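**Q** give me coordinates for this.
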Amino acid sequence: MRLIASATMGIESVVKDECIGLGFKNVQAFNGRVEFDGDFEDIVKANIYLRCADRIFIKMAEFKALSYEELFQNIKALNWQEFIEENGEFPISWVSSVKSKLYSKSDIQRIAKKAIVEKLKENYKREIFLENGALFKIKIQCHNDVFIVMLDTSGEALNKRGYRAKQKIAPIKETMAAALVKLSKWKADEILLDPMCGTGTIVIEAAMLAKNIAPGVNRKFSSEQWKIIPEELWINVRDEAFSNEKEDINLKIYASDIDEESIRIAAENAELAGLEESIKFEVKDFKDLESIGKYGAIIVNPPYGERLMNNKDDVDDEACILQIKDNREIDNLYRMFGDVCKKKFSKWSYYIITSYENFENIFGQKSTKNRKLYNGGLKCYYYQYFGVGKNGFKN
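**A** Presented below is the predicted three-dimensional model:
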C-alpha cells in the first residue's frame, strides 16, 4: 500500500526523517504530506511512533477528473470492499478543492459517497448500509484537477497524546512542539529551559523524546477496530515501544511561566504523561530567571501579538494565542527577553517560534538561521541561535 503521513506546512522534512528512521520504504515529501510504501504493520508503527505527523492515511488513489462522472467512476473503481466492513461507518469527513474545475465541496462529497455506496452494494449484495460499526473516515483533496483519495487510519489527530489534564486552549500542538525540539538538535544530556511554558507542551514532548516514549503508545486509533488489521499487530508494536523506553535517564528540564494556573495544569499534564519526575515546573516571570548552567538550550513559543486561528486543514487544531492589541507590549516583551538571554544565558542556544515580523530587530540579535513554519495556520518563523556547548558551537 501507499501510505500518507499528513504534516503541517514547514515540517514535512522532519516527518520524512522520522519515516526513514522507522525503516519505511520509498519515502517522499510533498507539501503538507509525506508518502511511503507500507503494510498493515507499518500503519500501526506510523500511528504509534510518529511524533510530528498529523494523521496516517491509506492512499486509495490519485487521478485527474474534470467532470463529476469522471470523479464518480474513478472512486467507484477503487477496492473499498477490501477495507470497509459491511456495517462500517464511512463518512466523507474532509474535502478540499483548489484551482480545480470541480470546486463544490458538497457536490464532491455527495458524488464520492454515492460512488462508494454503489461499489459496496456490488460486493455485499444489499441496498442499505447501517453504518453502525467501525469508523472509516475518507479524506478527498483536489489541486489543479488532481484528486487524492485517502482513508484515515488514525481517527483523532496524532497530536492527541492523551496527557492533557484539562481542556484548555493551547498555543501549540503536541506535533509542532515535538518538531521544534527535533529541529533544535537538543540532546537528553543537556539542560533545557522553556521560560514561557504555558501548559508545558514543549517540555513534555522533549522529555518524551529523550526517554524514547512513543507518542501514541497510550492512546487508541480508529483502525484498531478494523477487522483487516490483526489485533496482535497492535499488541506487538506497543510491547516493543514499551520495552524501548529509557526509564533510568536523568533529565535536566526546567519550565516556568508567570501564570500560576498554567503551571498547575502543566504539572498535571506531565504527571499524566508519567514525566512528573523529569521536569521541574515553577511559577516565575522570565525576567527573574537565573542561569541554571553554563550551557543549555531555550525552546520557547512566546506570545505573538495576534490570534492564531483554527487551522482549516485540521479540525482538531485548538491552537489559539491571547491577542495583545498593542504591539508595543510585544516589542517590550521581546526586547526584555533578548536582554535576559544575552545577560544570563549568553552561551546558551535559543530557539524561538513567532509570527512577529520584526522579531530579530526587537530581540536585538540576528538568528544563526531561521525556518518558516505554520503554527495553527499562521505563518511563523523558528529563529535559531546557536550557542556554545560542551562540544563547541552547535551546527
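
**Q** what are the contacting residues of the helix or strand that Asp42 is a member of?
**A** In this structure, Asp42 sits in helix 40-49 according to DSSP states H and E. Where contact means CB atoms under 8 Å, 6 or more residues apart in numbering, the residues beyond helix 40-49 that reach it are 1, 3, 5, 18-19, 22, 24, 36, 38, 53, 56, 58, 153-154, 158, 214-217, 221, 223, 228-230, 233-234, 237-238, 241. (Each C-beta comes from the backbone N, C-alpha and C, glycine too.)

**Q** repeat that for stretch 147-154.
**A** Contact partners of stretch 147-154, identified using CB under 8 Å, 6+ apart, comprise 4, 43, 47, 55-65, 71, 74-75, 78, 83, 93, 112, 136-142, 221-223.

**Q** Produce a PyMOL select command limited to the buried residues of these.
**A** This is the PyMOL syntax for the buried subset of the contacts of stretch 147-154, where burial follows 16 or more other CB atoms under 10 Å:
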select buried, resi 4+43+47+55+56+57+58+59+60+63+65+71+74+75+78+83+112+136+137+138+139+140+141+142+221+222+223
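
**Q** out of the contacts of helix 40-49, which are buried?
**A** With burial judged by 16+ other CB under 10 Å, the buried subset of these is 3, 5, 18-19, 22, 24, 36, 38, 53, 56, 58, 153-154, 158, 214-217, 221, 223, 229, 233-234, 237-238, 241.

**Q** tell me which of the residues you listed fall in helices.
**A** By the criterion of DSSP state H, membership of the buried ones among the contacts of helix 40-49 in helices covers 18-19, 233-234, 237-238, 241.

**Q** now those in a markdown table, please, with extra columns for pLDDT and distance to Glu260.
**A** Output for those, formatted as a markdown table (pLDDT from 0 to 100; distance: CB to CB, whole Å):
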| residue | pLDDT | distance to Glu260 |
| --- | --- | --- |
| Glu18 | 98 | 36 |
| Cys19 | 98 | 40 |
| Leu233 | 97 | 44 |
| Trp234 | 98 | 40 |
| Val237 | 98 | 40 |
| Arg238 | 98 | 36 |
| Ala241 | 97 | 35 |
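
**Q** Ile299: which of those residues is nearest?
**A** Glu18 (18.3 Å; CB to CB).

**Q** which parts of the stretch 1-150 of the chain are strands?
**A** In the stretch 1-150 of the chain, the segments counted as strands under DSSP state E, counting those that start in this stretch are 2-6, 25-30, 33-37, 55-64, 92-98, 138-143, 146-152.
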